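J.: Mind folding the following:
(chains A and B)
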Protein chains: 2
Amino acid sequence: MTVEDHSLRLLLAGIDTYSQPVVYMHEDCHVCRSEGFRALARVRIDCGDRWVIASLNVVTDGDWLPVDAAALSDTAWAALQPGDGARGVFSHPEPPAAASVIRAKVYGERLGQAQFDTIMRDALAQRLSDLDLAAFVTACAADRLDFDETIGLTRAMQGAGETLDWGDRLVLDKHCVGGLPGNRTTPIVVAIVAAAGHLIPKTSSRAITSPAGTADTMEVMAPVALDIPAMRRVVEAQGGCIVWGGGLRLSPVDDILIRIERPLDFDSEGQLVASVLSKKAAAGAKRVVIDIPVGPTAKVRSQAAAAALSARLEAVAEAIGLDLMIQISDGSQPVGQGIGPALEAMDVLKVLRRDPDAPADLRDRALNLARVLLDMGGGTAARHNRARELLDSGEAERRFMAICEAQGGFAEPQFAPHRMPVVAPRDGMVTAIDNRRIARTAKLAGAPQRPRAGVLLRAQRGDTVHRGAPLFEIHAETPGELAYAQDYAASHPAMFRIEEPS
Amino acid sequence: MTVEDHSLRLLLAGIDTYSQPVVYMHEDCHVCRSEGFRALARVRIDCGDRWVIASLNVVTDGDWLPVDAAALSDTAWAALQPGDGARGVFSHPEPPAAASVIRAKVYGERLGQAQFDTIMRDALAQRLSDLDLAAFVTACAADRLDFDETIGLTRAMQGAGETLDWGDRLVLDKHCVGGLPGNRTTPIVVAIVAAAGHLIPKTSSRAITSPAGTADTMEVMAPVALDIPAMRRVVEAQGGCIVWGGGLRLSPVDDILIRIERPLDFDSEGQLVASVLSKKAAAGAKRVVIDIPVGPTAKVRSQAAAAALSARLEAVAEAIGLDLMIQISDGSQPVGQGIGPALEAMDVLKVLRRDPDAPADLRDRALNLARVLLDMGGGTAARHNRARELLDSGEAERRFMAICEAQGGFAEPQFAPHRMPVVAPRDGMVTAIDNRRIARTAKLAGAPQRPRAGVLLRAQRGDTVHRGAPLFEIHAETPGELAYAQDYAASHPAMFRIEEPS
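T.: This next block holds a predicted model:
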């Protein structure tokens, strides 16, 4: 196509740009000059039969990059997998087909199945820039996806990755629409349902905007980064697992979109539904219970919003062949005492171990969800009290420990070395707790990157407290993070509303 | 605020990330670890009394960055201006106020003046990520700004930068709503209007998506990167100038938004109007003529779209105190013969020099606009033929040369070394020319980065051509770019529609 040589030696830049392919080229490089590439240009790089579209950063100064070489960010390197001394061929990319589809959506067109498939295909192949993805996320935010489009997006997301096949066995699953700190029912529910003899191959995410995801909490107690064969072995042996879904390529575009959605933090009912249900369908689930906590500072803030979300979940589930049961629950305050991976793991273990100090709210929520799943699982053994029997008899605990061992070995969660109480500024009754600010405090303390960091609640809604009594403790692994979180807590005293007795 | 040291030595990374502040930190750096910063995190860096929010790229491998230092991209370095051996203090930024305003707009709220001011302030201070900016651009695309919001955005954009003050003198200005290759009337209009004794301090942009902006074309003939004092000297001496607006901080957020708008390529009438009128107001203009070319492959494609755009331009102009006159013109084919900086400059000079080969369409368009401006300028000397008299007498040419000298000296445009004709595939009449594909060919040939690159038209709409006769020539500065453009032209033969005589 061209008479000039447009190839350069490829080097590993050793720069992590978080899933964004970036190529570094010297400003005096002949390819940059002859192609007229400018900083942030989208550049196609071919190497063997692989290719990628990367964003260009121009090196204007620095000895680390020779003029006749191009350096690749970690993601670009992984996509091209160049051999020793390999050269890349550089060219202007054709605009990806998805760009015009995104444009159509921005302009208010309704998208069909083929169009969603196009977006997912180009996103997965790293052909869309972060700006393209941000435009797509924005164009779908705030209810700009209708039911049919949500179905199309869900199918496209599922279709872009692997789907687990469990034969004709009945596979159960659960999901919670987040936003409620400490609501870590999954390990308990999986243990009960697996102990009852059902199949529940649970994949969970790491925290996106919260202080802990289920995968973060579970990882305190057992390895979670299993591949599909290892996950299968656990499930075949124990009936259930709690593994990190991110490494399994189940609906992998979800992770690409989440990278953009997280910093933008727009709620989109359509994207939420597609994200949840595409992963369930990809994991091979047939019957799923979904917990929607509702509260003024939860993700879903009103009964009306919960009803709208339920309607959309049900419509999409029906379209893709999932049996769905929805539980609307109280989301007015955090669940359990611990917020942060290790502190939440301690709550989970207390419930499984029938510890007298086990948080009753976490136990009740887990039992409710397990009961619904056992009902959906059917069979002659379904009795009303079966879930509680399995928990109270210790069968669920034994099954949980067996699952941990099968995943690579159990570890007991530990407390963080730096702790500081936050006390009540006056006598009175706790009438409200702000989930979002509690979560922010735990994150500033280091959660989830620091597994032992977080918040340990000492008071609940309805408790009467005295001035100077602890409302919660901040736990941190470093003094700096403790100071950060403490500073935030001190400047947001309304995190706990305490009203004087009237 | 914290008990740990969160400072690092600052180095210049020597990486051009195109106006995007980026900080490179080693994965083993103590600040990264203690703050839990991950790749692409937004990081606040304080240095003296300056601060910036940058995106983090984590260096995972490479000797070029010491563990106890952080390297800054060119933009981040310019924003902080660290002295020799200076240290930066790193922290988690508060979310910028603009983020919640952008969110409100995404959710369909109408924004008021204070909210637009907030977005512009944070954008100018580099506190918004590219994702935030992409969300804002997307949320305003496709007519999602109403008239009042467009007024608010225009005022906010103007208010975020400098405004030139010309006392109580009447300042004229012109603008063309792009999309029409070769439509380079500005140098001719400025020369005529200045020769008539009016004040026309014209600031122009470089190409955004086109093969040449007025600043690119003018730069072939004279320096355009003047600062405000130098521009004032030119205007005081000659009545007019044609300088690059990008360096003057007139509506500087426009340049930030354009960096995002260009790759996304969404049309937004509101953003277009705010971009145009905020710059005119900031340049101190009082009376402005705006040319809107209409054609199937121009930026504005129908009379209805032109009417809608005119209505919005007029409403906003009235609100901010600008006298506006709108000219709707024929946008069905390129103007003049040359497309690309040097080739367009040649057309401009032919018109000013009354060359018998001067393109009549360019001359007519420039005269029309100059006539309207002279009418708006008023005064006793306003006569119907004044514009043509000034052009035909050579007064406009002399004034243009004087302006070039005042800007730093005139240079004669030159042809590119590599040229290749594209010929008619059959006998017939040229019935349509695709502006967008012609522009794309010129860009692939290297325009505007290569000033002599572009397309030289050899046939117009209505011309009868014979098989093998040249339709246009591709001009390039390198053989590689010539091959690129030629390849594109060969695979898009419909660029010229040639119909057999019936």
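J.: CA atoms for contacts and neighbours, from now on please.
T.: OK.
J.: Centroid-nearest residue for chain A?
T.: Taking CA atoms, centre = their mean as the criterion, A:Ser205 is the residue nearest the geometric centre of chain A, at 3.7 Å.
J.: check contacts around that residue.
T.: A:213-216, A:244-246 (CA atoms under 8 Å, 6 or more residues apart in numbering or on different chains).
J.: Repeat the analysis, applying 6 Å as the threshold.
T.: A:Ser205 sits next to A:213, A:215, A:244-245 when contact means CA atoms under 6 Å, 6 or more residues apart in numbering or on different chains.
J.: what's the distance between A:Gly167 and chain B?
T.: Here the criterion is CA to the nearest CA, to the nearest Å. By it, A:Gly167 lies 40 Å from chain B.
J.: Let's verify that residue: helix, strand, or coil?
T.: Secondary structure state of A:Gly167, per DSSP: H, G, I helix; E, B strand; the rest coil, is coil.
J.: How about A:Pro296: what's its closest non-neighbour residue?
T.: A:Ser332 (6.5 Å; CA to CA, 6 or more residues apart in numbering or on different chains).
J.: Cross-check the contact I'm expecting between the one you found and A:Ile292.
T.: No: taking CA atoms under 6 Å as the definition, A:Ser332 is not a contact partner of A:Ile292, at 11.8 Å.
J.: Tell me the helices and strands packed up against the helix or strand containing A:Gln271.
T.: According to DSSP states H and E, A:Gln271 maps onto helix A:269-282. Counting contacts by 3 or more CA pairs under 6 Å, 6 or more residues apart in numbering or on different chains; DSSP states H and E, helix A:269-282 is packed against helix A:147-159.
J.: re the thing from before, closest to chain B among the contacts of A:Ser205?
T.: A:Gly213 (16.2 Å; CA to the nearest CA).
J.: Please verify my assumption that that closest one contacts A:Arg206.
T.: Yes: here A:Gly213 reaches A:Arg206: they are 4.3 Å apart, a contact under CA under 6 Å.
J.: which one of those two has more residues nearby?
T.: Neighbour count, other CA atoms under 10 Å in any protein chain shown: between A:Gly213 and A:Arg206, A:Gly213 has more, with 24 against 19.
J.: just the strands in the stretch 301-450 of chain A please.
T.: A:323-330, A:338-339, A:418-423, A:428-433 (DSSP state E, counting those that start in this stretch).
J.: which strands and helices sit next to the biggest strand by length in chain A?
T.: Counting by DSSP state E, the longest strand found in chain A is strand A:50-59. In this structure, strand A:50-59 packs against strand A:22-26, strand A:42-47, strand B:15-16, with contacts taken as 3+ CA pairs under 6 Å, 6+ apart.
J.: Name the stretch among these that sits most buried.
T.: Compared across the helices and strands packed on strand A:50-59, strand A:22-26 shows the largest average neighbour count, a mean of 27 (mean count of other CA atoms under 10 Å in any protein chain shown).
J.: What are the contacting residues of it?
T.: With CA under 6 Å, 6+ apart as the criterion, strand A:22-26 contacts A:54-59, A:67, A:70-73.
J.: thinking again about what came up before, so for A:Ser332 and A:Ile292, which sits in the more crowded spot?
T.: Taking neighbours as other CA under 10 Å, A:Ser332 and A:Ile292 compare with A:Ile292 leading, 26 against 19.
J.: While we're on the more buried one, how confident is the model there?
T.: For A:Ile292, the model assigns a pLDDT of 96.
J.: Bridge partners for it, pull those for me.
T.: Counting by DSSP bridges, A:Ile292 forms beta bridges with A:Ile328.
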